[in-house]
Structures are given as structure tokens and as C-alpha cells.
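Asks: heads up, no residue letters with this:
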């Protein structure tokens, strides 16, 4: 597809802004000079400048010139696709950017804008902000009346009151990865499949006697690190089908919290930055392993399930990357073409061959997983387990729980219990007034 001349010019100008060549408040060169630099006629350039002024990217000041607006990154432009910032550009370029740019040159890929009409988002963020995105169920059902070509579980967890708020592209269960060489250096026995929480803690104690905290098990205050462990204790945040859906202060969650903070206290404070390629143990997904480890490093890594507590719950909290379409989308036909491309067999095969996550298309998963490789066999095992969802279906709930998690993971165990009880009461109150 040949790119429209005005879109080509627009992209060149936006590139300069996103790269920081023209900073907020900067004055652009005169239109005729800029037309010469860009290599286009004055008429085309003037049309693009006027469009960017109307869209709030540029500011035209009479008898002065054209300037880059402050907060330009907060504007929403049609025909843009934003890749989530959690993944490094080299991985997203290989997996998404290159094929999308080739197949859909009319789309502008961006990392710098806060929002785009099309976004590839991570699961926990999407569920907390689903009201900002379209229901993609009708498009998916139109394209695939028989959805049996896809794994069903990644789609189920993004159905909110019957609305499919995102199209999963790839997914991964969470496992614990361990560094064989560090275990050998420390003289510690490797984790066994199906290990218990007590065995996990004993392993941490042995490693901590030889290594600083940041090389044993990086302790993360984020919700997506805390919840997979709490869920193994039977903890849940919200269970919509229960008479009292708020479960974050239930005994199972408080038990999970207490053991998580016991782990934190056992590790002690970190003394330096974390290098994830040189830690003994860590919670991870297939996506994280793919972009943090080279093929040589990958051979040093083994995998094991998250430890199982007594009377625990054998579930997994899955991660996913999804295509979301904002409510402001003005071209549903373009959205349909993009979904069809991203779920197509060639694109899903490409995701599988990159080994960056597990494609949602069943036939493509074979390219991603080698069942004779122990870590891949573990991912295959864990992806079949029941998934514990976040069920944080409003931005307010998501923000409150996420920030509270950062708070109570820094408090003493007694203070953390009080914080979680207060959090439960707050969520119940918000649930009542929202009914």
C-alpha cells in the first residue's frame, strides 16, 4: 500500500517531535524552508501543519510562527498505534513494529504519546481501564465464527460483563526461573518440581547466606508480583459472583500477605541495583525471559512452579498482551483489518518463532514451545491450570489496589494487615455507591 503524501509528511514531522529534535515550545523553521528540508511542495506541508495545529500538536501564532505545544504527548491522533512501555523497543520492533509497518503503513507506531487509537496493552492495566476501550467481541465473532483455532482461556479473562475489552495476541503463565550456575556456586540444591512453600523459604535462607538480597530473589512491590503468590494461598482481590465480592481482606489473602512479607523480611534490604540475568530466583513470564536473556543465558535457566503452601490453591495468574481499540476510533474497518492481521496465521507464527510469549492461535504455539525443553514443558503445564483473575474492572479500583499494594509491601506486617482491612472497607463502600 502506497502511503498518502500528507501522512508521510505528518510522520516525518512527528518523528522530529518524538525524537526530541523539536522540544515543547520550540519554534519550527519557516514553512518554505521546512518544505525544502522535508522534500515536499509548500502546499502539502502547509496542509499538514494546519492539520497538526487543529489536532493540538502544534500552535500557530500570528506574525510569529509555528511552535510545538506543551503536553503534545497527551493528544490522541487517529491512525496511531502505541506499544506498551513495559517491553523494550528491540523486542516490540521484532515482534510487532516491523510486520505492522509493512502490512499497515498507514498506521503510525509510537512510544511517546500517552494514548493512541490502537494500543497493545498488558492485562492488569487493561482490566482496570476497560471502559476506555471498545467492545471487540462483534469484530472477533465476525472474523472467526468458529473460534476453535484459538486458546479460549486468554479470551475469557478479558470478557467484562459480556464485553471483550481487548484481543489477546500472546499470553504466558507465571513461573519461577532459577539460575543453575548460581545454585551450583552456592552449593544449594536445585528446586524440585511441585516444591512447597517451606522448601522455597529454606532455599531462600541458604542462598541469602551466600548472596546479597538483590541476587537471591528481587522483591517487587508491584501488584503483578504480589498477587501470583497470594493467589497460591487462595487469596483473591475481587470475586464478582460472590455475595460479598470484595475478597482482598479475606483470611486467605491475609495469609498470603503475611507470608509474602515474611519473605521480604527474610531477604532484607537490597544493597544495589537488580540485574535480572544474574539472580538466583525470580517470578517471570515467557515474555520477560525472551527479552532479558540471550540464547546462551537461557541455557543456564531452569524453571519450577510457584511454591505451593499447605492447603493452597494450584492456580496461575497469567500475563497477556492485547490489542485494544479506544472508544474514539473513527475507522472500525481499519480496526477490523488490524485485528485480522494480528490474529492471522503468518503473524501468529512470527510471534511463536520469536519465542516472545505464547501465541493465542493454537497451531502457532508449536513454534514457540519445545516440549522436550524443561522450561517450555513447564510453561505448557502451567498454561492449563485455572487462572486467578485480578477482576479490577474500574480505573478507580485498579489505582487504589495498585497503590495500596506498593504501600503495604513497605509496611510492617501488622501495619500491612490494617492497611488491607481499610482497603477492603474502601472497596466495599465504592461497590455500594456504584450499584
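Replies: Right, received. Where do you want to start? Here the structure is a predicted model, which means the values were calculated and not measured.

Asks: domain-wise, how is this protein divided?
Replies: If you go by automatic domain parsing, the domain ranges for the chain are 5-74, 80-172+319-369+376-382, 175-317+391-434.

Asks: in TSV, list those along with mean pLDDT and mean neighbour count.
Replies: Just so you know, the C-beta spots here come from the backbone N, C-alpha and C atoms, and that holds for glycine as well. Formatted as TSV, the domains of the chain follow (pLDDT from 0 to 100; neighbours: other C-beta atoms under 10 Å):
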stretch	mean pLDDT	mean neighbour count
domain 5-74	92	15
domain 80-172+319-369+376-382	90	18
domain 175-317+391-434	91	17
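
Asks: secondary structure class for residue 400?
Replies: Classification of residue 400 by DSSP: H, G, I helix; E, B strand; the rest coil places it in helix.

Asks: and the strands in the stretch 51-200 of the chain?
Replies: 58-61, 65-68, 80-83, 108-110, 118-122, 159-160, 163-164, 167-172, 175-179 (DSSP state E, counting those that start in this stretch).

Asks: what distance separates the last one from the centre of its chain?
Replies: The gap between the average C-alpha position of strand 175-179 and the chain average comes to 20 Å, counting by C-alpha atoms, centre = their mean, to the nearest Å.

Asks: check the fifth one too.
Replies: The gap between the average C-alpha position of strand 118-122 and the chain average comes to 8 Å, counting by C-alpha atoms, centre = their mean.

Asks: name the helices or strands packed onto the strand or helix carrying residue 202?
Replies: For residue 202, the enclosing helix or strand under DSSP states H and E is helix 197-208. Other helices and strands packing on helix 197-208, by 3 or more C-beta pairs under 8 Å, 6 or more residues apart in numbering; DSSP states H and E, are helix 180-186, helix 213-216, helix 251-267, strand 281-284.

Asks: if we can go back for a sec, out of the strands of the stretch 51-200 of the chain, which gets nearest to residue 26?
Replies: strand 65-68 (5.0 Å; C-beta to C-beta).

Asks: show me what that closest one is packed up against.
Replies: Under the contact rule (3+ C-beta pairs under 8 Å, 6+ apart), strand 65-68 is packed against strand 58-61.

Asks: how far does the strand it packs on sit from its chain's centre?
Replies: 36 Å.

Asks: which other helices and strands contact it?
Replies: Counting by 3+ C-beta pairs under 8 Å, 6+ apart, strand 58-61 packs on helix 42-54, strand 65-68.

Asks: who's in contact with the longest helix seen in the chain?
Replies: Looking across the chain with DSSP state H, the single longest helix is helix 413-434. Helix 413-434 is contacted from outside by 238, 244-246, 248-249, 253-254, 257-258, 261-262, 265, 394, 396-397, 400-401, 404, 407-409, 411, using C-beta atoms under 8 Å, 6 or more residues apart in numbering.

Asks: from residue 233, how far out is residue 258?
Replies: Distance of residue 258 to residue 233, given as C-beta to C-beta, to the nearest Å: 9 Å.

Asks: cool, and residue 95?
Replies: Residue 95 sits at a distance of 34 Å from residue 233 (criterion: C-beta to C-beta).

Asks: circling back to that earlier point, mind putting the helices and strands packed on strand 58-61 in JSON lines, distance to residue 208 included?
Replies: As requested, the helices and strands packed on strand 58-61 are exported to JSON lines (distance: least, C-beta to C-beta, whole Å):
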{"stretch": "helix 42-54", "distance to residue 208": "55"}
{"stretch": "strand 65-68", "distance to residue 208": "51"}
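
Asks: quick one: closest of these to residue 79.
Replies: Across the helices and strands packed on strand 58-61, residue 79 has its closest neighbour in helix 42-54 (11.7 Å, C-beta to C-beta).

Asks: so for residue 80, which of the helices and strands packed on strand 58-61 sits nearest?
Replies: Residue 80 lies closest to helix 42-54 among the helices and strands packed on strand 58-61, at 12.9 Å (C-beta to C-beta).

Asks: residue 16 contacts residue 22, correct?
Replies: Yes: judged on C-beta atoms under 8 Å, residue 16 makes contact with residue 22 at a distance of 5.1 Å.

Asks: picking up where we left off before, CSV for the helices and strands packed on helix 197-208, including distance to residue 311?
Replies: Shown next, in CSV, are these (distance: least, C-beta to C-beta, whole Å):
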stretch, distance to residue 311
helix 180-186, 29
helix 213-216, 27
helix 251-267, 9
strand 281-284, 21
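
Asks: out of these, which gets nearest to residue 166?
Replies: strand 281-284 (22.2 Å).

Asks: next, the distance between the ends of stretch 369-384.
Replies: 14 Å (C-alpha to C-alpha, to the nearest Å).

Asks: please name the bridge partners of the residue positioned nearest the centre of the chain.
Replies: Central residue of the chain (C-alpha atoms, centre = their mean): residue 122, 2.6 Å from the mean position. As for beta bridges, residue 122 partners with residue 321 under DSSP bridges.

Asks: who's in contact with the closest residue to residue 42 other than its chain neighbours?
Replies: Sequence neighbours aside, residue 35 is the residue nearest to residue 42 in space, at 4.8 Å (criterion: C-beta to C-beta, 6 or more residues apart in numbering). Applying C-beta under 8 Å, 6+ apart, one finds that residue 35 lies in contact with 41-42, 44-45.

Asks: how about residue 274?
Replies: Contacts of residue 274 (C-beta under 8 Å, 6+ apart): 214, 218.

Asks: relative to residue 216, how far out is it?
Replies: Per C-beta to C-beta, residue 274 is found 10 Å from residue 216.

Asks: ok so, going back, identify the residues contacting the helix holding residue 202?
Replies: Identification of contacts with helix 197-208 by C-beta under 8 Å, 6+ apart yields 182-183, 186, 188-189, 191-192, 195, 216-217, 232, 259, 262-263, 266-268, 280-281, 307-310, 312.
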